[in-house]
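Sharing a model prediction with you, sequence too.
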Amino acid sequence: MISSPSMTLAPEDDSKINFLPEVAWKVSDNQSNCGISKTIHTADVVNTSITFNYTGPSVTVHTITSASGGVFSVFVDGFDTKTPIDTNTYSRDPGDPPTPQCYPRQFPPFVESPPNFKSNPPSGHSITLTFVGPSPMAPNGTNTNATIQFDAFSIPEPNTVQASSASFAHASFEQTSFALIYSLMMGYFIYLLFI
């Protein structure tokens, strides 16, 4: 972790956190050396979800990665942000380091922002994480029994950005790279038109 901003941890028994269906989630003591809560919630059933209602400009999702880690889709205020959380530890590209075991992701930023998203409305926001299955980045045949390990939600203090070596770029590198290259190419073509 590059920096560790001040944050408020959502208590594990917070009524604003819902694990659905409850029977699909297993709860165990946190055995990781980096988790921030006392327990870890684990699921291996596709379409299980966690919903958290929060007030604040952003929220951080804390997960634990593993070789069998799966993928969460992220919905904010009911909108699919196209910003998945991939909890598989395999490197994305040759030479890249694996995803860190403790994997915090702060939202926003999003690949696609919810319409009319305001950072801190009086009514607050909801974030829903839905387990969608194995990581597409895992080597073929190595992630047939994917699981998700959820640690906690936290609310960062205003004006802080959580920095992690694999934070936002990890899950959306392809989308972010494409957008950057496309923008640079369009800028270059417009430049050529005017010289």
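Yep, it's here. Residues are numbered from 1 along each chain as shown.

going forward, measure contacts and count neighbours with C-alpha atoms only.
Fine.

Tell me which stretches of the protein form strands.
Per DSSP state E, the chain carries strands over the ranges 7-9, 17-20, 26-29, 39-43, 49-54, 59-64, 70-76, 79-80, 85-86, 102-107, 125-134, 148-156.

Would you convert these into a markdown table that also reports mean neighbour count and mean pLDDT?
Output for these, formatted as a markdown table (neighbours: other CA atoms under 10 Å; pLDDT from 0 to 100):
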| stretch | mean neighbour count | mean pLDDT |
| --- | --- | --- |
| strand 7-9 | 14 | 88 |
| strand 17-20 | 16 | 96 |
| strand 26-29 | 12 | 88 |
| strand 39-43 | 20 | 92 |
| strand 49-54 | 20 | 96 |
| strand 59-64 | 22 | 94 |
| strand 70-76 | 23 | 96 |
| strand 79-80 | 18 | 96 |
| strand 85-86 | 26 | 94 |
| strand 102-107 | 23 | 92 |
| strand 125-134 | 22 | 96 |
| strand 148-156 | 24 | 93 |
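
In CSV, list these along with distance to residue 95.
Below are the strands of the chain laid out as CSV (distance: least, CA to CA, whole Å):
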stretch, distance to residue 95
strand 7-9, 33
strand 17-20, 36
strand 26-29, 33
strand 39-43, 30
strand 49-54, 33
strand 59-64, 22
strand 70-76, 22
strand 79-80, 31
strand 85-86, 18
strand 102-107, 19
strand 125-134, 22
strand 148-156, 25
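
quick one, which of these is nearest to residue 114?
Closest of the strands of the chain to residue 114 is strand 79-80, at 5.6 Å (criterion: CA to CA).

Show me how far that closest one is from its chain's centre.
13 Å (CA atoms, centre = their mean, to the nearest Å).

That strand pairs with which strands, and in what direction?
Sheet pairing for strand 79-80, assigned by DSSP bridges, gives strand 70-76 (antiparallel).

For the strand it pairs with, give me every contacting residue.
80-88, 114, 125-135, 146-148 (CA atoms under 8 Å, 6 or more residues apart in numbering).
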